[in-house]
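> Next one to model:
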Amino acid sequence: MSSTSALGSESSSVTVDMESVSVLDRRGPVVGIAVERSGVVVPLVDGEKKQETKTPDQGTSGALPRIAFEQGPRGWRLVRNQGPMDFRTKLQEQAILPRMDELLSAAGLAPRRQWFSASRRWAAGDRLVLEGDSLQMIFPPRTKGKVTLVYEVAEPINGHPCGRFSVSGEYSLKGELRPTGEIIDRDATIKSGKIWCSLLYPLVLRTEGELVLTESEGSDGGPKRKLQGSVKSVSAMNWDKVSEG
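As a prediction, this is how the structure comes out:
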């Protein structure tokens with residue numbers, strides 16, 4: 001892992017657990033985004049893991065307070081809170097605002113450009129090769145490569161009906177936006193993996209995989225990190241109806 005900031009750059013070889021937990025909610029034209037944890041999970045001396053997550057460059061919990069955006073006739077705008085805005089929140093806002101629709105699509109709060117045909121019936125062993133624009137079924141825009149899905153079985157996630165696929169292949173993506181406002185560039189080989197896709201909505205509810213990747217991560221004007229090596233990755237989404245109460 002290497003990191004770059006205004007103070008210079010530093011490289012090290014480490015084995016770490018990294019975690020990011022974000023909450024996005026949509027109520028009509030208003031979308032809220034909160035980052036509960038983001039960064040490296042710090043182990044305790046006895047080997048157990050703290051619930052707290054720390055960013056390696058800032059030594060904080062990596063949490064960001066909830067910010068809200070509202071969609072109007074001229075597009076998205078930030079809903080201003082009372083009080084001063086800190087530097088990290090300002091960077092987050094600047095990164096997210098012009099790409100709100102992309103972020104909402106990935107979170108299931110806006111339609112995806114590509115998804116499975118509603119008329120197709122899947123049987124174990126059915127294959128689907130994704131390349132070109134079809135990669136946007138499970139990856140962000142600006143992704144290139146070739147990935148193969150093989151249908152395994154219908155398997156629910158938290159009661160939500162899903163189709164489980166094995167996944168393999170190679171891909172590269174430029175400029176993936178995360179709820180933290182960080183921008184990711186990644187080149188990855190999926191050695192093995194699984195993905196759970198909703199049978200009701202255009203949602204990817206869970207992914208697991210072993211990857212070999214090179215990834216750079218950071219925000220415009222902020223510190224940057226670069227990761228390279230073997231990674232075990234798990235991504236899970238809880239998708240629930242928001243109470244209006």
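
> Strands of this protein, residue ranges please.
2-5, 8-11, 17-27, 30-43, 49-54, 64-72, 75-79, 127-131, 143-154, 162-177, 183-198, 204-218, 224-236 (DSSP state E).

> Tell me which of those sits nearest to residue 92.
strand 64-72 (6.0 Å; Cβ to Cβ). All C-beta atoms are positioned from the backbone trio N, CA, C, and that covers glycine.

> what would the strands of the chain look like in JSON lines with distance to residue 97?
Listed next are the strands of the chain as JSON lines, based on distance: least, Cβ to Cβ, whole Å:
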{"stretch": "strand 2-5", "distance to residue 97": "24"}
{"stretch": "strand 8-11", "distance to residue 97": "29"}
{"stretch": "strand 17-27", "distance to residue 97": "15"}
{"stretch": "strand 30-43", "distance to residue 97": "11"}
{"stretch": "strand 49-54", "distance to residue 97": "25"}
{"stretch": "strand 64-72", "distance to residue 97": "7"}
{"stretch": "strand 75-79", "distance to residue 97": "6"}
{"stretch": "strand 127-131", "distance to residue 97": "29"}
{"stretch": "strand 143-154", "distance to residue 97": "22"}
{"stretch": "strand 162-177", "distance to residue 97": "11"}
{"stretch": "strand 183-198", "distance to residue 97": "14"}
{"stretch": "strand 204-218", "distance to residue 97": "18"}
{"stretch": "strand 224-236", "distance to residue 97": "21"}
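
> Relative to residue 88, which of those is closest?
strand 64-72 (6.4 Å).

> quick one: contacts of the closest one?
Applying Cβ atoms under 8 Å, 6 or more residues apart in numbering, the external contacts of strand 64-72 come out as 23, 29-35, 38, 76-79, 81, 88-89, 92-93, 96-97, 100, 180.
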